[in-house]
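S.K.: heads up, no residue letters with this:
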Ligand SMILES: Nc1ncnc2c1ncn2[C@@H]1O[C@H](COP(=O)(O)OP(=O)(O)OP(=O)(O)O)[C@@H](O)[C@H]1O
């Protein structure tokens, strides 16, 4: 079933099966007089015997579209669930979203009528349906305590994150929790839960559940392809596919003097009242643009509550510190990412929601994608994506934290260089994003100058002079960083994490590290120096200047950390000295080995010379014997005898000298000189 609508889905009383009165009372108390389209189409099917795959834009009321059918099915059961029997299971990818769904169930169940005491001594306040049980990682409850809570109070409905639910059903609670009666399984943000990261755990959970159950998959980005590929694995049987799209009117211009010529209707996968803009800038200008977009949103739309998305938790931590000095003094900043302890995440979200934000004192949450999906914070006016998300699906989820339930909202994304082609990528996915010119410094103007290429095409492209505030920002950030070595560490970690995250973009043909101006990014981060990383090795440095820092004296403000650094520095110096000494000893050893080797060579040469001399002597003696034998009786060849005699004398002298040399009385050099012409 595909619905394309902006309208509400009709009154609750028009549902084919009327709702239980106390359920209806709670809905009325929420102020929801009409159903949303996704509720109108999903609730009747899911209350009956249909599996559903639901795709509807962010903030369209999908939560009630499964909460109400689950409650109605459990209320209408012929036999009430026993203490250790489970009736429904809802799995969500984040603890924040699980907590939010839990609070919606709790709101309903806390309003259920209390049973009349059957006996005088029984508790009159005993509810018929126990509280839902929330299973998320927390410092307050361990997996064993989850099972203990379940054993003591019982729960018909379980809501949790995949890991904790698996632990509960297949680990600690395996022999206690009975799933045989489980009627409904819901995967909220199903496309995320069926991603690689969660897939294995979710599949193990599903395999443990009875096949006779209803299953619902819900998401704003549950595409046809996702749905189809998951049907078999999730065990859906003949499901109803519900897609709620949005229509938006669009004016086509082109009449005389640029007047509108006709109105067209376009289909979009984002809420009707959400406007998304993008700004193209240099990497070094991103932070400057961020602050100017915030100011402009405050003045133009009276925005007071913002969410700014960054690529990594380390970036959130770092910019949380840096932006405190760059934003107006009465701005309240909050930070949320997956590396924070669970209790800190809960506190931050509550503090951000409750902050009394005004135009004069806005509240800004800096977050990663841990806050991209499902969070319902109705008063958020503006979303800014400082870094586009690695997972393209997260783009519409992030934007969807504003403009919820018919409200209006603004979203922005900053793009650098070739990232501009991301806009076409989004357009194909029915996410329209319109360009806004670069936010120039107050008093500066963006000049429209035809570029050489565009002259040929008859178009104009803005050519901007360098933004003077970029270097002002760089100096201001560096000043902050120089106050504490810990901030410098944070800056380096954030930068490296950003580059790593960038290299993992799923739309890798748009987001390529080799096309990114990393030096510009380093400037936007206000780095004091560049880290050693392969991505920077061949990068042209341009006008990059390292900050003048006395690194040995650059201290941590935290005394304990500084003391540790100094001790570590001394230890490192000792290790360095020891290594230097080791290298020196190794060199000496090598020289010695080389010396011994050359001695051996000399001795070998001497030996060969002696052998040669002996051979020749033997040969001479032999010929001498032959000559003697052939001699005439009375010495006719006197001269010949005389020559041989000289040779013999020579050889005898040579032998004497060689003997002397062996004893050390005569040097090898003298020996060689003496017999240089021996042959
Ligand atoms: N029938 C209704 N009429 C008016 N508001 C409603 C109705 N149903 C739900 N809402 C409100 O709409 C808001 C968004 O609902 P919900 O969080 O269920 O949206 P969602 O579709 O799950 O969004 P997301 O995709 O971001 O998770 C909530 O504040 C909720 O109270």
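M.R.: Structure received. In this text, all values refer to a predicted model and were calculated from it rather than measured experimentally. Numbers count the residues shown, from 1 in each chain.
S.K.: For the single nearest residue of the stretch 351-500 of the chain relative to the ligand, which residues are in contact?
M.R.: When you check the stretch 351-500 of the chain against the ligand by Cβ to the nearest ligand atom, the closest residue turns out to be residue 405, at 3.2 Å. (C-beta placed from N, C-alpha, C; glycine too.) Residue 405 makes contact with 36, 59, 60, 61, 378, according to Cβ atoms under 8 Å, 6 or more residues apart in numbering.
S.K.: what about the second one, how many neighbours?
M.R.: So the one you mean is residue 59. Residue 59 sits with 23 neighbouring residues when counted by other Cβ atoms under 10 Å.
S.K.: go on, residue 283?
M.R.: Residue 283 has 19 neighbours, counted by other Cβ under 10 Å.
S.K.: And it, how far from residue 490?
M.R.: Using Cβ to Cβ, to the nearest Å, one gets 19 Å for the distance from residue 283 to residue 490.
S.K.: which SS class is the residue of the stretch 351-500 of the chain closest to the ligand?
M.R.: Under DSSP: H, G, I helix; E, B strand; the rest coil, the three-state class of residue 405 is coil.
S.K.: Near the ligand, which residues of the stretch 101-250 of the chain are found?
M.R.: If contact is defined as Cβ under 6 Å from any ligand atom, the residues of the stretch 101-250 of the chain in contact with the ligand are residue 220.
S.K.: With the chain instead?
M.R.: Counting by Cβ under 6 Å from any ligand atom, the residues of the chain near the ligand are 32, 34-36, 39, 56, 58-64, 220, 374, 376, 378, 400, 404-405.
S.K.: Buried among the residues you listed? Make that a ChimeraX selection.
M.R.: Applying 16 or more other Cβ atoms under 10 Å to the residues of the chain next to the ligand leaves a buried subset, and the ChimeraX line that selects it is:
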select :32,35,36,39,56,58,59,60,61,62,63,64,220,374,376,400,404
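S.K.: Give me the domain ranges for this protein.
M.R.: Following the assignment in automatic domain parsing, the chain carries domains at 39-114+127-244, 271-469, 471-536, 550-583, 603-631+639-679.
S.K.: Switch the ones you listed over to JSON lines; also include mean pLDDT.
M.R.: Output for the domains of the chain, formatted as JSON lines (pLDDT from 0 to 100):
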{"stretch": "domain 39-114+127-244", "mean pLDDT": "90"}
{"stretch": "domain 271-469", "mean pLDDT": "89"}
{"stretch": "domain 471-536", "mean pLDDT": "94"}
{"stretch": "domain 550-583", "mean pLDDT": "90"}
{"stretch": "domain 603-631+639-679", "mean pLDDT": "65"}
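S.K.: could I get the ones you listed as JSON lines with distance to residue 11?
M.R.: Putting the domains of the chain into JSON lines (distance: least, Cβ to Cβ, whole Å) gives the following:
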{"stretch": "domain 39-114+127-244", "distance to residue 11": "9"}
{"stretch": "domain 271-469", "distance to residue 11": "16"}
{"stretch": "domain 471-536", "distance to residue 11": "42"}
{"stretch": "domain 550-583", "distance to residue 11": "61"}
{"stretch": "domain 603-631+639-679", "distance to residue 11": "110"}
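S.K.: Quick check: which of these is nearest to residue 19?
M.R.: Closest to residue 19 of the domains of the chain is domain 39-114+127-244 (Cβ to Cβ; 6.6 Å).
S.K.: Do a quick rundown of the helices in the stretch 301-450 of the chain.
M.R.: If you assign secondary structure with DSSP state H, counting those that start in this stretch, the helices in the stretch 301-450 of the chain sit at 313-323, 342-354, 394-399, 422-428.
S.K.: winner for burial among these?
M.R.: The highest average neighbour count among these, using mean count of other Cβ atoms under 10 Å, belongs to helix 394-399 at a mean of 24.
S.K.: Which strands and helices lie in contact with that helix?
M.R.: In terms of contact count using 3 or more Cβ pairs under 8 Å, 6 or more residues apart in numbering; DSSP states H and E, helix 394-399 is assigned the packing partners strand 382-385, strand 409-416.
S.K.: can you list those in CSV and add mean neighbour count and distance to residue 225?
M.R.: Putting the helices and strands packed on helix 394-399 into CSV (neighbours: other Cβ atoms under 10 Å; distance: least, Cβ to Cβ, whole Å) gives the following:
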stretch, mean neighbour count, distance to residue 225
strand 382-385, 24, 24
strand 409-416, 23, 24
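S.K.: mind putting those in CSV, distance to residue 68 included?
M.R.: Conversion of these to CSV gives the following (distance: least, Cβ to Cβ, whole Å):
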stretch, distance to residue 68
strand 382-385, 29
strand 409-416, 26
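S.K.: How many residues are close by residue 213?
M.R.: Residue neighbour count, defined by other Cβ under 10 Å, stands at 18 for residue 213.
S.K.: Contact partners for it?
M.R.: Applying Cβ under 8 Å, 6+ apart, the residues near residue 213 are 182, 183, 184, 185.
S.K.: Now flag whichever of the residues you listed is closest to residue 542.
M.R.: Nearest to residue 542 out of these is residue 185 (Cβ to Cβ; 55.4 Å).
S.K.: ok, and the closest non-adjacent residue to residue 92?
M.R.: Leaving aside its sequence neighbours, residue 92 sits nearest to residue 98 (Cβ to Cβ, 6 or more residues apart in numbering; 4.3 Å).
S.K.: just checking, residue 554 touches residue 486?
M.R.: No. Taking Cβ atoms under 8 Å as the contact criterion, residue 554 and residue 486 are not neighbours in contact, 10.6 Å apart.
S.K.: picking up where we left off before, redo the contacts of residue 405 as a markdown table? Include secondary structure.
M.R.: Putting those into a markdown table (three-state DSSP) gives the following:
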| residue | secondary structure |
| --- | --- |
| 36 | coil |
| 59 | coil |
| 60 | coil |
| 61 | coil |
| 378 | coil |
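S.K.: For those, give me TSV that also has distance to residue 396.
M.R.: Supplementary listing: the contacts of residue 405 in TSV, determined by distance: Cβ to Cβ, whole Å:
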residue	distance to residue 396
36	17
59	11
60	12
61	16
378	18
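S.K.: between those residues, which is nearest residue 660?
M.R.: Of all the contacts of residue 405, the one with the least separation from residue 660 (Cβ to Cβ) is residue 59, at 108.4 Å.
S.K.: So residue 653, which state does it fall into?
M.R.: Put simply, residue 653 is helix when judged by three-state DSSP.
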